[in-house]
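# Please find the sequence and the predicted model below.
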Amino acid sequence: MAAAQQRRPSASPISALRSPGSESVDEEIEFDRKTLGFMVPNLFTQGPPVRDPLVTATSEAQDETTDACVACLSGKDEGIECNEHGVPRLDRERHVRFLHQSLGKLPGRFVAADASRPWFLYWCLSALAMLGEDVTSYRESIIATACSMQNDSGGFGGGGRQLSHLATTYAVVLSLALVGGEEAYEVVDRKAMWRWLCRLKQPDGGFQVCLGGEEDIRGAYCAAVILTLLRLPLDLTPDSPAYTGDSSVDLLTGVADYVRRCQTYEGGISGQPNAEAHGAYAFCALGCLALLGHPSRSISSYLDVPRLLAWLSARQYAPEGGFSGRTNKLVDGCYSHWVGGCFPLIEACLNGSSSGPMASGGPAATTAGEHRPPPADESLFNREGLIRYILCCCQDHTKRGGLRDKPGKMSDAYHTCYVLSGLSSAQHQWELDEPYGNNDNGDEDVEGKEEREGKGTDGEAVWAVLPFLDGPQVFDNGDRVRPIHPVYAIPQPCVRAMKEYFDGRQGF
Ligand code: FPP
Ligand code: K
Ligand code: ZN
């Protein structure tokens, strides 16, 4: 790093460190309690107790972010009303208006040639659903838009006459599931979709994101979501690059092993083998594995869970409370989903692992087995911190509404969706029942064998959700958002309805 290296000046409030529990701090809290009627725990108002004295562009950006967040977290912002925990309400009405307006700004049938248009639809619809809004009024326009984006050769592009891409296809399929109904489901040409997926499938197990495009873990996650939601067959067509003529090799062969190769020396997950670990890819990895088998086995068989968990935990910062996407980077509200959304999946893995491969020694468990973490009956991340970051730092309280990356940034549909999704993860607790027909006794040697509960399904894993009620609740009850499925990131009834619709299909 070429940035000027000098002794750190104690200029910013955060670098002017006070030791927790010192007299001046106690006095200040007493003052807050009397004048404001609440106190915010030191954890969210003071700088970290240990600091590296080296000043770099990175450390300066970190200090600026910490200061901006502490200003919001202290609950002393003028004009913003806080509850007895120093936390503002979720500005539901403004966020809902922001989302409806964002969708309304699009021309009548949303057919403009913007390559991220399908994403935009998904972010707005999903965020509205989490805020408790009925999105079925968008059904007609979503159907028309989706039709204009579908290619005869399978999949959906970002707009009319654009190349099909797994990310835009994922977003369109989820949008159709969100608005629901037979007419929406029937938009998808499933046979063409299956053929297209076969052409994207690579011999090493992964998927290209578009024909001739890059192969990465987004592709694996999006393909697994599309295959399972649409109940597509797994057989490979002869023109698939992965076709061998051996009928036991199919669309999901080698996917879990591809995911395993993306775990890095840091413990996190990179987009492709041998690249930098990033939170967005950790979610893709866990989501993908959770669809290949029961998470208590599929995740712990292919990933070193203790090292992943250590990396995920290091993404949560104090005093900010939010998550960063990678080592030495800043907190950002969207990682409330990409990183925060990993915890329900890890918890499902750990809670079901007493007789699973972690105990019996899966490929990644040789060292992991000796340091097996306890069952996750306590939170694996600081829920209060994340909720404080979201409600104090990520809301645009102006007329504009919407949620954002961090203080000083503009709200947008992407951050509104993923910040709310993280809020939902922090406010709920997920439990996973054993899949239907499971008779795994845990003694089986799973090395080299993929965890598959049945052809192309997630084993009908039954996710049950409850409001999370342990520990201090710093938000008002009315500010609990609706849960979304921990893997598909849309409400659970939307997942069920789409799968059920395609279940009864003979062929296409
Ligand atoms: C870095 O951005 C971001 C990445 C390397 C990955 C981004 C990928 C996703 C958000 C989603 C992928 C998932 C699917 C399902 C398509 P940055 O350098 O601007 O941010 P940073 O400083 O926080 O790392
Ligand atoms: K970012
Ligand atoms: Zn972001």
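Structure's in. What do you need? Owing to the predicted nature of the structure, the values given are computational and were not obtained by experimental measurement. Numbering: from 1, shown residues only. Ligands and ions are numbered 1, 2, ... in the order given.

# my read: residue 470 touches residue 427, true?
No: applying C-beta atoms under 8 Å as the test, residue 470 and residue 427 come out as separate, 11.8 Å apart. Glycine gets a C-beta too; all of them are placed from N, C-alpha and C.

# Name the residue in these two with the higher neighbour count.
Ranked by neighbour count (other C-beta atoms under 10 Å), residue 470 and residue 427 place residue 427 first, with 21 against 10.

# which residues sit in contact with that one?
Contacts for residue 427 (C-beta atoms under 8 Å, 6 or more residues apart in numbering) come out as 383, 387, 467, 468, 475, 480, 481.

# repeat for residue 342
Shown here is residue 342, whose contacts under the criterion C-beta under 8 Å, 6+ apart are 279, 282, 283, 286, 312.

# burial count for the second one?
The number of residues packed around residue 282, counting by other C-beta under 10 Å, is 31.

# before we move on, back to that, nearest to ligand 3 among the contacts of residue 342?
The shortest gap between ligand 3 and any of these belongs to residue 279, at 10.0 Å (C-beta to the ion).

# from the stretch 101-250 of the chain, which residue is nearest to ligand 3?
Residue nearest to ligand 3 within the stretch 101-250 of the chain (C-beta to the ion): residue 123, separated by 11.9 Å.

# other SSEs contacting the host helix or strand of that residue?
Residue 123 is part of helix 117-130, with elements assigned from DSSP states H and E. If contacts are counted by 3 or more C-beta pairs under 8 Å, 6 or more residues apart in numbering; DSSP states H and E, helix 117-130 sits against helix 92-104, helix 139-149, helix 166-179, helix 413-427.

# ok so, going back, wait, the residue of the stretch 101-250 of the chain closest to ligand 3 touches residue 414, no?
Yes: judged on C-beta under 8 Å, residue 123 makes contact with residue 414 at a distance of 5.4 Å.

# In terms of neighbours, single out the busier of the two.
More neighbours sit around residue 123 than around the other of residue 123 and residue 414, counting by other C-beta under 10 Å; the figures are 26 against 21.

# residues contacting the closest residue to that one other than its chain neighbours?
Spatial nearest neighbour of residue 123, chain neighbours left out: residue 417 (3.8 Å); criterion: C-beta to C-beta, 6 or more residues apart in numbering. With contacts taken as C-beta under 8 Å, 6+ apart, residue 417 has the following neighbours: 122, 123, 124, 126, 127, 130, 337.

# what does the protein put close to ligand 1?
Counting by C-beta under 6 Å from any ligand atom, the positions of the chain adjacent to ligand 1 are 167, 218, 221, 222, 278, 280, 284, 325, 326, 329, 332.

# Between which two of these is the distance greatest?
Checked with C-beta to C-beta, the residues of the chain next to ligand 1 reach their widest spread between 222 and 329, with 24.2 Å between them.

# For those two, indicate the residue with more neighbours.
residue 222 (27 against 16).

# between the one helix or strand that one maps to and helix 166-179, what angle do the directions make?
Under DSSP H and E, the secondary-structure element containing residue 222 is helix 217-229. Angle, helix 217-229 to helix 166-179, by axes from the mean of the first three to the mean of the last three C-alpha atoms, to 10 degrees: 40 degrees.

# for whichever helix or strand comes after helix 217-229, packing partners?
Next along the chain after helix 217-229, taking DSSP H and E as the criterion, comes helix 255-261. Taking 3+ C-beta pairs under 8 Å, 6+ apart as the contact definition, the neighbouring helices and strands of helix 255-261 are helix 217-229, helix 279-292, helix 295-302.

# of all these, which lies closest to residue 397?
Distances from residue 397 to each of the helices and strands packed on helix 255-261 were compared using C-beta to C-beta; the minimum, 26.4 Å, belongs to helix 279-292.

# does that closest one come close to ligand 3?
No: applying C-beta under 5 Å from the ion, one finds helix 279-292 out of contact with ligand 3, separated by at least 9.3 Å.

# which residue packs closest to the residue in the stretch 251-400 of the chain that ligand 3 sits nearest to, ignoring adjacent ones?
Per C-beta to the ion, residue 334 is where the stretch 251-400 of the chain lies closest to ligand 3, at 3.3 Å. Nearest-residue entry for residue 334: residue 418, 4.2 Å, with adjacent residues in sequence omitted and distances by C-beta to C-beta, 6+ apart.

# Around the one you found, how many other residues sit close by?
Counted with other C-beta under 10 Å, residues neighbouring residue 418 total 27.

# got it, and residue 399?
Under the neighbour criterion other C-beta under 10 Å, residue 399 is assigned a count of 8.

# wait, it sits on residue 91?
No: Residue 399 lies out of contact with residue 91 (C-beta under 8 Å); the separation is 10.6 Å.

# Up against ligand 3, what does the chain have?
Counting by C-beta under 5 Å from the ion, the positions of the chain adjacent to ligand 3 are 332, 334, 405.

# Distance check, the nearest residue to residue 116 once chain neighbours are set aside against ligand 1.
The shortest distance from residue 116 to any residue other than its chain neighbours is 6.2 Å, reached at residue 158 (C-beta to C-beta, 6+ apart). Per C-beta to the nearest ligand atom, to the nearest Å, residue 158 is found 13 Å from ligand 1.

# Next one, pLDDT for residue 158 please.
Per-residue confidence (pLDDT) for residue 158: 89.

# now swap in residue 149 and tell me
Among the per-residue scores, residue 149 shows a pLDDT of 94.

# if I look at it, how far off is residue 417?
Relative to residue 417, residue 149 is positioned 19 Å away (criterion: C-beta to C-beta, to the nearest Å).

# Likewise for residue 378?
Going from residue 378 to residue 417 by C-beta to C-beta gives 28 Å.

# can you pull the contacts of whichever residue of the stretch 1-150 of the chain sits closest to ligand 1?
Taking C-beta to the nearest ligand atom as the measure, the stretch 1-150 of the chain has residue 119 as its residue closest to ligand 1, at 8.4 Å. By C-beta under 8 Å, 6+ apart, the contact list for residue 119 reads 167, 168, 171, 414.

# from those residues, which two are the most distant?
Pairwise distances across the contacts of residue 119 peak at 14.2 Å for 168 and 414 (criterion: C-beta to C-beta).

# ok, and what's touching stretch 210-219?
Contacting residues not belonging to stretch 210-219 are listed as 163-167, 196, 199-200, 202, 204, 206-209, 258-259, 262, 269-272, 280-281, 284-285, 288 [C-beta under 8 Å, 6+ apart].

# Next, the buried residues of that stretch.
210, 215, 216, 217, 218, 219 (16 or more other C-beta atoms under 10 Å).

# got the residues you listed as a markdown table, with pLDDT columns?
Compiled in a markdown table, the buried residues of stretch 210-219 are given as follows (pLDDT from 0 to 100):
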| residue | pLDDT |
| --- | --- |
| 210 | 98 |
| 215 | 98 |
| 216 | 98 |
| 217 | 98 |
| 218 | 98 |
| 219 | 98 |
